[in-house]
Each structure stands twice: as C-alpha cells, then as structure tokens.
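Peer 1: Got a predicted model here, sequence first, then my questions.
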Amino acid sequence: MKKLLALLLALVMVFALAACGGDGEKSDGDTIHISLITMDQMDVHWVKLEKAAHAKVDELKAAGKNIEYEWLAPEKKDNAQQIAQIETAINNGADVIIISVNDATACNDALQAALDKGIKLIYVDATASLEASATFATDNYAAGAEAGRAMLQYLADAGLTEGEIGLVSAQAGVQSCIDRVDGFVSAFEGTAFTMSEVQYSDGDAVKAQDLTNALIQDGVVAVYGANDGATNGAANAVKEANANGANIICVGFDNSSSNRAHVVDGELLAFMAQNPNVMGEKAIEAAVALMEGTTLTETVVDTGVSVVTKDNVANFED
C-alpha cells in the first residue's frame, strides 16, 4: 500500500512538472505575467514605448494568449524608486521583467533577486551589467557618433573650425546617455573643437535650459542634448540666445512634439529619433516566446535611429 501511494505521488509530481512546461516555460493555458519598468513616467520616449508594448499585449490577447501586463515607473529618474518597482514586480508574481535601467549597476541586487526566483529579464533601451535573455535597444554609441557627424557638418556650413561645444545630458550613470555622449565626442577626434564638462539636467527641460544658458555665457559655439529633456531645454536656451544675435548650433536626441517644434522653428538643427515602438513590441513578443519555451533567434537587437531635420520632420509626427 505504501509503495502504491509513493508511486501515485511520484506520478502526480511528474504531471505537475509537465503542466508547468519545465524551467520557466508556460503551457498555452497558463497566464504569463509581464512587468514593464521604465526610467520614469514623464519622458515621451517611455510613453511611446509603453503604448507600443500595451498594444502588442492587446493584440496577443486577442489572438488567444493569456497575458497579465503592468507598467511600473518612478515619477522621475531615481535609482531607489526603480529598485522599489522591481521589488513590486517580483511581489506581483512577474514571470518576465522588461526594464530600462536608470543606472548600469544600481539595480543589480534587485534584478539578481528576480533572476534567482526564475524571472526572465529583458532589457529595452538601457541595460544593466547583468546578463538578460534579450536586449532591444538603440546602439547609443553609434547614434551619438551620427549626431556628432551631423554637428560637424553644421559647424562647417557655418564656417567654424574650432570652439567649445556644450554637452547636456540627463543623469550621471545612465549608460544610454553615457554612450550617446561618448559616441558624439568620438566624431570630433582630430579636430580643433573642445568639449565642455557634461552638464546633468536630470532630464528636466527647465534645468537643461539653465545649464545651457550658463554654457552660452561661457562662450560655447554649439550645444548637444543627449536626451529629450536635455535637448528641449538646450533648444529653448539657444532660441533665446540666437534671437539676441548669437549663432549657436544645436543638435540633440529623441523624437517629441517639443523637439519637432524646435526643428521647425530652426533653433534645433537635427535630433536623433529612436524607435521606442519597436523596443516595446519586440520585448513583449520575446517575453511571450520565452515563457512558451521558444528559443529566440536574436537576443541583442539594434532598433535603429534616424536623423531628423527640417527636411523630413513631418514624417516623424506621432
């Protein structure tokens, strides 16, 4: 009798494991819990990414997939708040965390805790130093270099061969912005141009404008903004300066209504437009594939960038 009971218990365990699909794998009837965590809620880049992710979830649910989805984000870029969001996702039973980390290492302990619980990790836009199942992001160094080459051409068109260029970024430690600045600076190697110290605006346009005003007072000939808020603020400052007789050249990053308006008005000559919609869609598709036991054909995907100028800005309207 005891042997029979032991055999029955063993069979129950085998069937239970089969029903779960193995290590992290879900069967068709199981619910897949996905948590998207972005750097903040206010940047239009994250709003677009989340909108695309949500739309992809709705599409897959309409096709019969069983998905529970949530968007978690600090009100503003803050490491402690983002760590708290990771802990919330874990406590909410996430199977997959899709995240754009605010800092390359600050969230590692929280993310490792998620990995230790068997939660899958996917990066969008900005990565931590921990290995993830997949990454969907702009090659920010290459995109920064593209911005630098555009700036060099505008400087040449203005007859400038030397001078200081102001650098306005978001927050120290954000790897995507670090790469954008490093890539931008690389385009000026071998020239007579110099770079300012990187000014950190926390992605806030008002702060970026104040920082750019100070750079203009110090005599920079051009300004580069490394994210949406930095670019918007820098362009606001350049607009005022140029209205008073200056000729400051401005190039930046991220597609938003404010940055498009700056391009149309002429104070921002170009910005680099990412593809947050592609990041959001591909990340959701990968999350579902992972939980269904599908091997991903691509684990690191460059989602691309476009140079937006007055000539093509109309093509980038929302």
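Peer 2: Looks like it arrived, so ask away.

Peer 1: how near is His33 to Gln199?
Peer 2: 40 Å (Cβ to Cβ, to the nearest Å). (Glycine included, C-beta is placed from N, CA and C.)

Peer 1: again, but for Asp58
Peer 2: 40 Å.

Peer 1: Compare neighbour counts for these two and give me the winner.
Peer 2: Gln199 (21 against 13; other Cβ atoms under 10 Å).

Peer 1: element containing the more buried one, please.
Peer 2: In the assignment (DSSP states H and E), Gln199 maps to strand 192-200.

Peer 1: from the middle of its chain, how far away would that strand be?
Peer 2: Centroid displacement of strand 192-200 relative to its chain, using Cα atoms, centre = their mean, to the nearest Å, is 23 Å.

Peer 1: what do you get for stretch 241-250?
Peer 2: With Cα atoms, centre = their mean, you get 31 Å for stretch 241-250.

Peer 1: Now do that stretch: distance from first to last residue.
Peer 2: Stretch 241-250 stretches 11 Å from its first residue to its last (Cα to Cα, to the nearest Å).

Peer 1: excluding its backbone neighbours, what's nearest Val305?
Peer 2: Ala143 (4.3 Å; Cβ to Cβ, 6 or more residues apart in numbering).

Peer 1: Actually, Glu240.
Peer 2: Asn213 (7.8 Å).

Peer 1: Check the burial of that neighbour by counting its neighbours.
Peer 2: 17.

Peer 1: and it, that one's in a strand?
Peer 2: No: looking at Asn213 with DSSP: H, G, I helix; E, B strand; the rest coil, it is helix, so not inside a strand.

Peer 1: so Glu267 touches Cys250, yeah?
Peer 2: Yes: with contact defined as Cβ atoms under 8 Å, Glu267 reaches Cys250; the gap is 6.1 Å.

Peer 1: the more surrounded of these two?
Peer 2: Cys250 (30 against 21).

Peer 1: What helices and strands are in contact with the helix or strand hosting that one?
Peer 2: Applying DSSP H and E as the criterion places Cys250 in strand 249-253. In terms of contacts (3 or more Cβ pairs under 8 Å, 6 or more residues apart in numbering; DSSP states H and E), strand 249-253 is packed against helix 140-157, strand 222-225, helix 228-243, strand 270-273.

Peer 1: Out of the ones you listed, which is the most enclosed?
Peer 2: strand 222-225 (a mean of 30; mean count of other Cβ atoms under 10 Å).

Peer 1: Quick one: list the elements packing against that one.
Peer 2: Packed next to strand 222-225, using 3+ Cβ pairs under 8 Å, 6+ apart, are helix 140-157, strand 162-169, helix 205-217, helix 228-243, strand 249-253.

Peer 1: Give me the contacts around it.
Peer 2: By Cβ atoms under 8 Å, 6 or more residues apart in numbering, the residues outside strand 222-225 that reach it are 147-148, 151, 154-155, 160, 163, 165-169, 181, 184, 208, 212, 215-216, 231-235, 237-238, 248-253, 271.

Peer 1: Kindly recompute the last result at 7 Å.
Peer 2: 147, 151, 155, 165-168, 184, 208, 212, 215, 231, 234, 238, 248-253 (Cβ atoms under 7 Å, 6 or more residues apart in numbering).
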